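Engineer: Any chance you could fold what I've pasted below:
(one chain, ligands or ions: 1)
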Amino acid sequence: MLFILVISLQLHAQDHKTKNVVIVTLDGFRWQELFRGADSSLLNSKYTGSKAEMKKRFWAETAEERRKKLLPFFWSTIVNDGQLYGNRDLGNCDEVANKYHFSYPGYNEIFTGFPDERMNTNNPVPNPNMNVLEYLNRQRGFENKVAVFASWEVFPAILNVERSGLKVNAGYTDLTDNKDNDRLKYLNEMQHNAPHYLGDTRIDFMTYEFGKEYLKEYKPRVMYLAFDETDDMAHAGNYKTYLTQAHQEDAYLQELWQFIQADPFYKDKTTLIVTCDHGRGDMSIDAWRSHGVGVKNSEQTWVAVIGPDTPHDGIITTATTTYHKQLAQSIAKLLGFNFKANSGHETADAIETMMAAEKRSLGK
Ligand SMILES: [Zn+2]
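Structural biologist: Have a look, this model is predicted:
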């Protein structure tokens, strides 16, 4: 009897409003542009084509005006109704705990909650660690209700689809499970004729369209959209496209959030988490192009969150550091689960400030 009481208290203690989670990553997008907007030295450098047009679109005198021009969804909706971590100009830090500062280690850390030193390559090595998406996919009510759409073709290995059985649609692969939905069938057809200027990495536009249609048709409880182009454009030294792609992805997020908040299945029951896999350099005019062990400050990242359990704090200004290894348990905890206790490996604690104080329903 006492045992049953303890269990029921624990269940109530994790009673959040969040029933669904959508996670979106912008590969290698810097906190510097998120919080400061377009960088004036880069806008005036060889890295920016069409300077007059770009200044017209994204330049303004203050950081507040610039960031709003670049990312209007972040700087209207998320800043008013959610939280933004990682504004180092105000003393708040967000970073990756892994020491490599590139993609596979970054995504491994986010989804397994553990900066495993063995995950130190971008090669498609099957990940030995259980990830939070796979854990959720095994929970009652979540079976086959977890879906991943990724531009980067390495995600099936990062999330170990062979073991996890997760639905991961990555690179230019067709979505076989399309319920005869004409739009999904058309996307399968169209993606092969779309420009393939990133090789096997799918353009983000196609990844987004698949994710959006899948959300409407299948109503997944957990969806992850992994975009890539911000990183590719930075490596290419193309600040114009780095900025315009970030601006485009902000518009995707806005459309996605509007759909979520208009759909009865998702409205006021869904948390959106937006983040990145690593930062980039900032010590010289050229440093923004790269990241990794030898690139100072490329561990510096950001996280944005909005949803029914997240306090409306806007920019977090506390002198604290959050780590991406905390996101796996945060995602699980928002949904009322304990990944850390079940992952079978080291897992960091949740970011408690992302969710309102737990409801204590003693005696009810
Ligand atoms: Zn990169």
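Engineer: Could you tell me which residues of the protein lie near the ion?
Structural biologist: Within the chain, the positions adjacent to the ion are Gly28, Asp231 by C-beta under 5 Å from the ion. All C-beta atoms are positioned from the backbone trio N, CA, C, and that covers glycine.
Engineer: rerun that using 8 Å as the cut-off
Structural biologist: Where the chain comes near the ion, counting by C-beta under 8 Å from the ion, the residues are Asp27, Gly28, Phe102, Ser103, Asp231, Asp232, Ala234, His235, His278, Ser290, His291, Gly292.
Engineer: Kindly reformat those as JSON lines containing secondary structure, neighbour count and pLDDT.
Structural biologist: Below are the residues of the chain next to the ion laid out as JSON lines (DSSP: H, G, I helix; E, B strand; the rest coil; neighbours: other C-beta atoms under 10 Å; pLDDT from 0 to 100):
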{"residue": "Asp27", "secondary structure": "coil", "neighbour count": "23", "pLDDT": "98"}
{"residue": "Gly28", "secondary structure": "coil", "neighbour count": "28", "pLDDT": "98"}
{"residue": "Phe102", "secondary structure": "coil", "neighbour count": "22", "pLDDT": "98"}
{"residue": "Ser103", "secondary structure": "helix", "neighbour count": "23", "pLDDT": "98"}
{"residue": "Asp231", "secondary structure": "helix", "neighbour count": "25", "pLDDT": "98"}
{"residue": "Asp232", "secondary structure": "helix", "neighbour count": "22", "pLDDT": "98"}
{"residue": "Ala234", "secondary structure": "helix", "neighbour count": "24", "pLDDT": "98"}
{"residue": "His235", "secondary structure": "helix", "neighbour count": "13", "pLDDT": "98"}
{"residue": "His278", "secondary structure": "coil", "neighbour count": "28", "pLDDT": "98"}
{"residue": "Ser290", "secondary structure": "coil", "neighbour count": "17", "pLDDT": "97"}
{"residue": "His291", "secondary structure": "coil", "neighbour count": "27", "pLDDT": "98"}
{"residue": "Gly292", "secondary structure": "coil", "neighbour count": "13", "pLDDT": "98"}
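Engineer: Between those, which sits nearest Met223?
Structural biologist: The shortest approach to Met223 among those belongs to Asp27, at 17.3 Å (C-beta to C-beta).
Engineer: residues making contact with stretch 87-101?
Structural biologist: 31, 35-36, 63, 85-86, 105-106, 108-109, 115, 117, 119-120, 277-279, 291-293, 295, 298-303, 315-325, 348 (C-beta atoms under 8 Å, 6 or more residues apart in numbering).
Engineer: which parts of that stretch are buried?
Structural biologist: Asn87, Arg88, Asn92, Cys93, Asp94, Glu95, Val96, Ala97, Asn98, Tyr100, His101 (16 or more other C-beta atoms under 10 Å).
Engineer: for the last one, helix, strand, or coil?
Structural biologist: Spelled out, that is His101. Secondary structure assignment for His101 (DSSP: H, G, I helix; E, B strand; the rest coil): coil.
Engineer: and the residue lying closest to it once chain neighbours are set aside, what does it touch?
Structural biologist: Nearest residue to His101 in three dimensions, chain neighbours excluded: Ser298, at 4.2 Å (C-beta to C-beta, 6 or more residues apart in numbering). Ser298 makes contact with His101, His278, Gly279, Arg280, Gly281, Ser290, His291, Gly292, according to C-beta under 8 Å, 6+ apart.
Engineer: need those in a markdown table with distance to Ile260, can you?
Structural biologist: Output for the contacts of Ser298, formatted as a markdown table (distance: C-beta to C-beta, whole Å):
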| residue | distance to Ile260 |
| --- | --- |
| His101 | 31 |
| His278 | 27 |
| Gly279 | 28 |
| Arg280 | 30 |
| Gly281 | 35 |
| Ser290 | 35 |
| His291 | 31 |
| Gly292 | 35 |
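Engineer: Could you point out which of these is nearest to the ion?
Structural biologist: Closest to the ion out of the contacts of Ser298 is His291 (5.8 Å), distances taken as C-beta to the ion.
Engineer: Run through the residues that contact whichever residue of the stretch 201-350 of the chain sits closest to the ion.
Structural biologist: Among all residues of the stretch 201-350 of the chain, Asp231 sits closest to the ion, at 4.2 Å; criterion: C-beta to the ion. By C-beta under 8 Å, 6+ apart, Asp231 lies in contact with Asp27, Gly28, Phe29, Ser103.
Engineer: Recalculate using a threshold of 7 Å.
Structural biologist: Asp231 makes contacts with Asp27, Gly28, as judged by C-beta atoms under 7 Å, 6 or more residues apart in numbering.
Engineer: Report the secondary structure element holding Ile23.
Structural biologist: Assessed by DSSP states H and E, Ile23 sits inside strand 20-26.
Engineer: chain center to that strand: distance?
Structural biologist: Centroid displacement of strand 20-26 relative to its chain, using C-alpha atoms, centre = their mean, to the nearest Å, is 5 Å.
Engineer: Please apply the same query to stretch 107-120.
Structural biologist: Chain-centre distance of stretch 107-120: 15 Å, with C-alpha atoms, centre = their mean.
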